[in-house]
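**Q** I would like the atomic coordinates for the input below:
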Amino acid sequence: MDTILIKIFATALTFSQVTTRPDAVKTEFDTVSGRAEVAQLLNAGCVHMRKAFDIEDINLDDLIATATDDKEDLSAEIKALKGLKLADLHGAYRQFCKLENVENSSVDLGQVITFYNDSVKDLPDVAQLKHLQPGMSVILGSKGERFAEVYTPNNRRLPVPLVEIPDVVRNAFIAAEDKRFYQHAGIDERGLVRAFIGNLAQPGRPQGGSTITQQVAKNLLVGNDVTYERKLREMIVASRMERALTKAEILELYLNSIYLGRGAWGIELAAQSYFGKPAKALSAVEGALIAGLAKGPNAFNPDRHPARAHARMAYVLGRMHEDGMIDAATAQADLPQLVAYRPMRRDLGFHFVDYVAREAKAAAKLDTLTQSSYTVRATINPALQRVTESVLQEGLARYELSTVRSKFTGPEANISEAVRLVAADPTLVEPAWLATLKTTRLPLYDVHWESAVVLDNTYGKRGNAITIGLIDGRILPLNTWSAAIRRNLKPYDVVYVQVPDARGKQTARADLRVRPGVQGAVLVLENQTGRILAMAGGFSYPASQLNRVVQSARQPGSTVKPLTYLAALQKGLQPNTLVMDAPITLAPIGATADARQRGFWSPKNYDGGALGAITLRGALENSRNLATVQLLATGLDDSAEHGLDRVCALAMEAQLYKDCMRYYPFVLGAQAVRLIDLAAFYAAIANEGALPRPYAIESIEQGGRPIYRHDSNAPTWIGSADRASFYQLKSMLQGVLARGTARVVKHLSPYVGGKTGTTDDTADAWFVGFSNDITIAIWVGYDNGDGERRTLGRGQTGGKVALPIFEPIMQAAWEVQAPKMPLRGPSRDAMRQLATFAIDPYTGDPAPAGSKHAFTEYLRRDASGRIGDTQFQIVSRAESYARHRSDDGEDHEPFEQWSLDRPRYGDNRPFPIAPWRLVPRENPPWGGYFDDDDRLPQPPRRVDPDYFWRRFQ
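**A** I've put the predicted structure just below:
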């Protein structure tokens with residue numbers, strides 16, 4: 001039996017059931033014993049259909065005879081009948097409709113039953129439509145601006161009750177799509193007859209016979225596959241809908257689910273998109289235009305095909321006039337005025353929106369933001385979000401360019417065919433490549449480089465010369481780093497470029513950019529509240545939906561060291577307390593005296609050396625591993641194990657971890673942490689111990705009624721360390737920028753504190769920095785999800801890879817979020833326990849009057865109000881006297897590979913500051929080397945401290 005004949009008879013079986021016994025539709029028949037019942041149903045369907053033909057004054061036998069007279073020509077024109085023998089179809093009609101005996105019947109009902117059973121199994125439950133409120137939620141930014149829309153694919157809609165849709169608009173849809181909507185029971189036999197006859201008369205333009213009920217079933221339950229299987233399921237579901245829902249409920253679902261062009265599903269969004277008004281304010285003419293689009297939003301698009309749109313609207317108005325719904329004058333109306341079409345194409349914040357959806361589920365108990373229409377007031381600052389994503393993307397690309405790791409695997413797209421088609425338009429007033437580029441959306445739709453099309457690639461004496469066209473119409477030369485790339489690019493390839501500002505006599509040019517293999521993440525957090533102001537979970541959301549801010553944990557390296565120094569300050573040690581930066585070996589926790597030398601830990605400094613006695617401030621500022629472990633072993637408690645317990649307790653109180661892995665490398669960042677938790681801890685340092693809880697949602701409303709509001713209770717205090725300890729730590733982290741591993745941005749040190757971090761084998765690079773108002777946490781590394789362990793490469797530290805990304809984001813935050821102000825001094829509560837003294841930051845000694853190395857240090861008072869002199873509590877004077885000094889630290893070199901003095905491809909300029917910068921920056925960019933007199937000053941030659949030492953009074 002021909003496949004097409006099987007499908008036609010399965011469709012006939014479905015039609016027979018829903019029209020003759022809609023309350024008892026069977027979805028499974030036995031392939032042997034069910035044949036007789038199927039034959040009876042087919043006959044009952046024929047009888048029912050003949051009545052419909054009689055109503056339409058059509059002689060079915062004459063129609064079939066006419067069709068079979070020229071059956072070969074008919075089957076050739078009607079693609080749906082291609083391969084079908086009309087003689088077999090005629091024989092089947094005689095067999096099942098006229099009950100004649102047909103020898104050698106071509107119909108195998110067993111095959112029909114098998115196809116039917118497979119097609120209609122597991123039908124959706126129509127009862128779910130009773131409670132279905134498919135909707136689109138709107139996410140607003142921190143100032144109430146529209147930031148994002150959340151909806152299921154192909155369902156961008158704002159549902160409205162039927163009572164809010166004018167009768168004249170409802171009638172326009174019924175007139176256009178389903179005139180007998182209130183008479184039929186889900187399947188309109190007359191409509192099917194008219195479509196059938198029309199398709200025979202005009203095979204090239206097939207007509208449908210679907211009712212409004214069937215369209216709802218297709219849109220919301222069974223999908224829109226163009227198959228017989230879908231049609232079978234659609235008819236049964238539509239029949240069941242008519243028994244489960246009222247006509248008003250079905251019409252409301254239809255008007256809220258139909259696609260009407262301009263990216264709008266449903267009447268409400270269509271009214272706003274085409275006329276800038278709600279559906280309840282639509283006129284009859286406006287409603288008729290929109291109703292006419294239901295037949296084909298693209299074919300009757302009023303933007304591209306106004307004449308077609310007008311003809312379709314006139315047809316709908318004519319049908320309405322015939323039924324007495326409107327007067328003759330209205331039926332002759334011209335095409336109404338449309339508002340300009342502004343497509344909603346968001347290009348940022350996708351990881352953040354995903355996070356909002358998860359927070360809505362966890363905090364507001366909403367399964368999804370698409371189960372209804374919500375208004376979500378979020379914490380995000382859109383301007384800062386754009387800068388954050390742009391800077392991260394450029395920073396990752398520059399890292400790979402500077403380390404010769406960039407791999408060009410081909411263009412993002414080629415638009416040569418599209419350009420050819422556009423060029424054929426005689427009305428085109430701009431270059432075809434430009435018109436095409438404007439409508440091209442690249443796969444990585446959230447990458448903030450400019451898209452460009454290759455216009456010419458010519459070979460000359462100096463090699464290939466490539467010119468590209470930008471979306472603003474400019475034509476520039478393209479700069480690449482490889483001859484192979486220049487040879488492989490061809491006309492109408494689309495690539496990403498970075499266009500630097502031309503300075504002086506420089507020629508404007510564009511630098512090629514490619515997708516990096518390295519990943520990164522950035523979080524911008526408001527210190528006091530925990531509001532998430534910006535979040536970039538990776539290089540690009542389409543490339544990877546993993547949000548590395550919250551969904552992955554990485555070793556934090558030295559960024560976790562402040563925990564150990566906080567424990568020391570809380571115990572009463574001072575920033576000028578000396579500790580040995582010297583080799584140390586720690587036995588495994590719990591090891592016995594006769595244990596073999598296995599599991600013993602001997603850490604090393606980044607530079608492999610040791611500085612001897614060094615202040616706590618100097619140890620943290622320069623990220624000295626040995627000094628940190630010595631502090632753990634000799635400064636926090638009576639043993640390294642008990643010292644580790646103190647640090648672990650602080651880590652869990654700061655909510656960095658739920659459980660602390662009790663092994664010594666923990667203090668150097670061996671236990672993985674989430675970036676969002678690390679950012680919150682540094683915000684707590686800026687707050688003198690008040691730990692914020694990061695959040696993204698301020699409130700959620702439904703229909704103007706609030707259903708969730710963020711609990712803005714006071715933050716949690718890390719109570720085991722007082723405010724004085726936190727301020728001392730804050731001051732020490734400010735010194736990281738002034739003198740330590742982040743001194744490449746020392747011009748920021750009056751305003752920012754922070755810490756670099758690099759993990760073992762340079763697998764992860766970090767920088768976390770804070771101002772008075774915000775904290776910015778940055779991670780860079782390879783995912784290594786494929787099992788391959790890729791590192792950032794030798795010498796690639798947090799100060800070189802992550803720190804350069806920090807400054808442009810910080811500058812943006814000062815302009816669009818909070819003013820640039822020097823870091824605040826200690827609070828009143830902290831100052832009650834502190835006193836200021838002029839200290840030499842390199843020796844910890846009191847600074848002589850007029851010393852150029854004088855530094856204002858905050859030292860803790862004891863219970864009696866006296867200054868706690870702990871300088872030699874861990875290291876004796878004798879030990880400290882013999883020490884030698886060096887300035888090297890973890891990130892002891894500036895960010896050399898991006899420097900102005902060592903230009904490489906695309907790197908002969910400072911890291912781009914966002915275009916919103918209105919005035920030149922007073923401080924020089926961090927991208928270049930320091931001058932000699934800007935380098936870290938050398939400490940004075942060591943003398944006996946007794947020569948000038950005096951006790952603090």
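**Q** what sits against residue 601?
**A** By CB atoms under 8 Å, 6 or more residues apart in numbering, the residues touching residue 601 are 585, 586, 588, 663, 664, 665. No exception for glycine: its C-beta is placed from N, CA and C like everyone else's.
**Q** how does it look with 7 Å?
**A** 585, 586, 664, 665 (CB atoms under 7 Å, 6 or more residues apart in numbering).
**Q** what's the answer for residue 348, then?
**A** Neighbours of residue 348 in contact, by CB under 7 Å, 6+ apart: 385, 386, 389, 446.
**Q** same thing but 10 Å
**A** Counting by CB atoms under 10 Å, 6 or more residues apart in numbering, residue 348 touches 147-148, 380, 382, 385-390, 445-446, 448, 534, 536, 541.
**Q** drop anything exposed from the contacts of residue 601.
**A** Applying a neighbour-count criterion of 16 or more other CB atoms under 10 Å, the buried members of those are 586, 664, 665.
**Q** so which of the residues you listed are in helices?
**A** Among the buried ones among the contacts of residue 601, the subset assigned to helices under DSSP state H is empty.
**Q** still on that earlier bit, got a winner among the contacts of residue 348 for most neighbours?
**A** Neighbour counts for the contacts of residue 348, by other CB atoms under 10 Å, peak at residue 536, which reaches 31 neighbours.
**Q** what helix or strand does the spatially closest residue to it that is not a sequence neighbour sit in?
**A** Excluding its sequence neighbours, the residue lying closest to residue 536 (CB to CB, 6 or more residues apart in numbering) is residue 522, at 4.5 Å. Of the helices and strands defined by DSSP states H and E, residue 522 is found in strand 519-526.
**Q** parallel or antiparallel, which strands does that strand pair with?
**A** Partner strands for strand 519-526, per DSSP bridges, with pairing direction: strand 532-536 (antiparallel), strand 774-781 (antiparallel).
**Q** which one of those strands lies nearest to residue 612?
**A** Among those, strand 774-781 comes nearest to residue 612, with 32.6 Å by CB to CB.
**Q** in the closest one, what's buried?
**A** 774, 775, 776, 777, 778, 779, 780, 781.
**Q** need the residues you listed in JSON lines with pLDDT, can you?
**A** Converted to JSON lines, the buried residues of strand 774-781 look like this (pLDDT from 0 to 100):
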{"residue": "774", "pLDDT": "98"}
{"residue": "775", "pLDDT": "98"}
{"residue": "776", "pLDDT": "98"}
{"residue": "777", "pLDDT": "98"}
{"residue": "778", "pLDDT": "98"}
{"residue": "779", "pLDDT": "98"}
{"residue": "780", "pLDDT": "98"}
{"residue": "781", "pLDDT": "96"}
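**Q** let me have these in a markdown table, extended by distance to residue 836.
**A** Shown next, in a markdown table, are those (distance: CB to CB, whole Å):
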| residue | distance to residue 836 |
| --- | --- |
| 774 | 27 |
| 775 | 26 |
| 776 | 29 |
| 777 | 30 |
| 778 | 32 |
| 779 | 36 |
| 780 | 37 |
| 781 | 40 |
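**Q** which one of the residues you listed is nearest residue 414?
**A** Each of the buried residues of strand 774-781 was scored against residue 414 by CB to CB, and residue 780 proved nearest at 31.7 Å.
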